[in-house]
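[1] model this:
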Amino acid sequence: MRHLLLLAPLALAGCKAESAPQPEAERPRPVQVAEVHLAPATEAHAFTGVVRARHEADIAFRAGGRITARLVEVGQKVVAGQPLARIEEADLSLAMRAAEADLSAAEAQARQAAAEASRSKALRAAGHVSIAYDDQRIAAARSAAERAAATRAALDLARRRLDYALLRAPGNGVVTALLAEAGQVVAEGQPVFRLANPEERELVVQVPEAAVARLAAASAAAQFWAHPGLSLPARLRELAPQAETALRTYTARFALPEAPDWIALGMTGTVLTEAPGETLATLPLSALHDRGEGPMVWRVAEGRIAAVPVEVVSLGEVTAALRGALAEGDRVVALGPQLLDPTSRVRIAGLRAAATLR
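    I've put the predicted structure just below:
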């Protein structure tokens, strides 16, 4: 009897062990998942700049001197050949007269040398002079003729320089800058005006380093502060091969093939670009989790979960664009990822739309 009493508690304990419920940790947890859909992202940028002429040049005198008259104003339209400014002609006139005198002297010497060579030829034929003497006279005549040709060219150059005293417009355009004033002494080639041709206008902007790579493949449109609701097509025509030293940005020039007449030089405009980017996954913000090693998501496969590190490219109101080792159709935990760990077993309780809160 005593032995039966000792065995009774053991039997009751065994019955309780057999009827104990399964531990909560071993049960698969119901989770909502979202399917991964990959799509190329669009990189959009906006660059603000000013309208410039495609053809713009600094105009300078081709001779040095003191400016005696300025004949145009900034903003004035000019045509090819129109006088712009004039420098003092006195020094240039004296140089031309000196060249004329040099030419007269050289021609006289050439005539004298030619006459001596002719007489030497006759004397040589009669046997009165040697061959060497005759050769010297011929060489002197040729040298005098070449000196006369050189002074003739110098006279032509002096006449041209006198004509350069009047600065003329090389083509049609608008005077955009005044770089020298009447009374100022300028050197040959020193800029006096800046002339722009407004027929071809461009929007010049500064592009940061991060946006340079895909700029050539991007579609572009231009908007102007003068007409905020109007968008005009733009095309990248030129991109600087080297960054500016001060700003560390690249100068880009966007052509405006359909620019209306109201777009004036110096206006402020914005270039809007859109370029196809890399393929990214869009998932709900609630799917993101950080266990101290950076952003990650839980990928669900066969009742198990695995951590997939991701990089957040951009954040929206309810979704995030992610870069990581995710494939099309992968299922990730969409709600409560912070409640799970790598040993958790899960079962899919519902499929959540990746880009919504439903």
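[2] Dihedrals phi and psi, the closest residue to Q109 other than its chain neighbours?
    The shortest distance from Q109 to any non-neighbouring residue, by CB to CB, 6 or more residues apart in numbering, is to A144 (4.8 Å). In short, each C-beta sits where N, CA and C put it, glycine included. Phi and psi for A144, reported as degrees, to the nearest 10, are phi -60, psi -40.
[3] burial measure for A144, as a count.
    Around A144 there are 21 other residues, counting by other CB atoms under 10 Å.
[4] Next up, the contacts around it.
    Neighbour list for A144: 106, 109-110, 112-114 [criterion: CB atoms under 8 Å, 6 or more residues apart in numbering].
[5] Walk me through the domains of this protein.
    25-56+199-358, 89-164 (automatic domain parsing).
[6] Buried residues, the lengthiest helix in the chain. List them.
    Using DSSP state H, we find that the single longest helix of the chain is helix 90-126. Buried residues in helix 90-126, defined by neighbour count with 16 or more other CB atoms under 10 Å: 91-92, 95-96, 99, 102-103, 106-107, 109-110, 113-114, 116-117, 120, 124.
[7] what do you get for stretch 154-166?
    Neighbour-count burial for stretch 154-166, counted by 16+ other CB under 10 Å, picks out 154-155, 158, 161-162, 164-165.
[8] For the helix or strand encompassing R66, which strands pair with it and how are they oriented?
    If you go by DSSP states H and E, R66 is part of strand 65-70. The pairing partners recorded for strand 65-70 under DSSP bridges are strand 83-87 (antiparallel), strand 185-186 (antiparallel).
[9] And it, how far out from the chain middle?
    Counting by CA atoms, centre = their mean, to the nearest Å, strand 65-70 is centred 38 Å from the centre of its parent chain.
[10] Go ahead and produce PDB holding the CA coordinates of it.
    Output in PDB follows, covering the C-alpha atoms of strand 65-70 (Å, rounded to 0.1, in the frame of the first residue of the first chain):
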ATOM      1  CA  GLY A  65      45.800 103.100 -79.500                       C
ATOM      2  CA  ARG A  66      43.600 105.500 -77.600                       C
ATOM      3  CA  ILE A  67      39.800 105.100 -78.100                       C
ATOM      4  CA  THR A  68      38.400 108.400 -79.500                       C
ATOM      5  CA  ALA A  69      34.800 107.400 -79.900                       C
ATOM      6  CA  ARG A  70      32.400 104.700 -78.900                       C
END
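[11] Show me what the helix or strand just after that strand is packed up against.
    Later in the chain than strand 65-70, the nearest helix or strand by DSSP H and E is strand 77-78. Packing partners of strand 77-78 (3 or more CB pairs under 8 Å, 6 or more residues apart in numbering; DSSP states H and E): strand 173-178.
[12] and the angle for the strand holding R66 with helix 90-126?
    130 degrees (axes from the mean of the first three to the mean of the last three CA atoms, to 10 degrees).
[13] Can you check what angle separates strand 65-70 from strand 173-178?
    Interaxial angle, strand 65-70 versus strand 173-178 (the same axes, to 10 degrees): 120 degrees.
[14] neighbouring contacts of strand 65-70?
    Contacts of strand 65-70 (CB under 8 Å, 6+ apart): 84-89, 91-92, 165, 178, 180-186, 192.
[15] Let's see that with 6 Å instead.
    Strand 65-70 is contacted from outside by 85-88, 182, 184-185, using CB atoms under 6 Å, 6 or more residues apart in numbering.
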